[in-house]
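Asker: sequence below, structure please.
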Amino acid sequence: MIASGPSPQRSGRGPIDGSTRRVDGVRVSDRENLNIVLEENIAKLGTHRAKRRAGRSLSERFADSVTAFAGSMRSVVVHAVVVLSWTVINLGWTPFVRFDPTFVILATVASVEALFLSTFILISQNQMTREADERADLDLQITLLSEHEITRLIQLTAAIADRLGIEAAADPHLEELKRDVSPEHVVEKINQPTAK
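Answerer: Numbering: from 1, shown residues only. Below is the predicted model of the structure:
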């Protein structure tokens, strides 16, 4: 009978149980049944994202903070309280002095706030667009690499099948699949105007 010992360990990765552990500082649950390579990729992407955030300029961080607040319920509550209080006071429903009876100041403040807020949102959107372009470029490079590897595997498999005399090796469609796809030709074909 084999005596039970302590739970097996993965080097630098903690026990293999149902608990949450860390891989390069990123929390990963064993219940997710992720392989080591996928876990390392997640950790690397998390590290890259953290470095990118840390490298943002002061203006970008400020714009993100303002945009995050403007899109929260706290912003809705604050604006509702301010506008309601402003309206009640300047309608004369309270003993306080009416400082904006025509609501011109309120309209001016709202217009200036909208101007600055739209600028902060555009700054955040520009940053998000740059990050999206970077992810799209990464996806494209990975896709091209995968296509190249699959093409080489098809060539190798077809050569083995031909050497073994397998009839499937004579399939004319294999010759098409064994050729590398030229991305610039695909883009040109997509951009060609379609006949109406």
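
Asker: list the residues that contact Glu60.
Answerer: Ile123, Ser124, Gln127 (C-beta atoms under 8 Å, 6 or more residues apart in numbering). For every residue, glycine as well, the C-beta is placed using N, CA and C.

Asker: how far does the helix or strand hosting it sit from its chain's centre?
Answerer: Assigned by DSSP states H and E, Glu60 belongs to helix 58-70. On the basis of C-alpha atoms, centre = their mean, to the nearest Å, helix 58-70 sits 18 Å off its chain's mean C-alpha point.

Asker: with stretch 90-102 instead?
Answerer: 48 Å.

Asker: and the pLDDT for the nearest residue to Ala70 once chain neighbours are set aside?
Answerer: Spatial nearest neighbour of Ala70, excluding adjacent residues (C-beta to C-beta, 6 or more residues apart in numbering): Leu117 at 5.6 Å. For Leu117, the model assigns a pLDDT of 94.

Asker: which SS class is Val187?
Answerer: Per DSSP: H, G, I helix; E, B strand; the rest coil, the local secondary structure of Val187 is helix.

Asker: any idea how many residues pack against it?
Answerer: Residues lying near Val187 (other C-beta atoms under 10 Å) number 10.

Asker: coming back round to it: list the buried residues in the helix holding Glu60.
Answerer: Going by neighbour count (16 or more other C-beta atoms under 10 Å), the buried part of helix 58-70 is Ala63, Asp64, Val66, Thr67, Ala70.

Asker: so how far is Ser72 from the third one?
Answerer: Between Val66 and Ser72 the distance, using C-beta to C-beta, to the nearest Å, works out to 11 Å.
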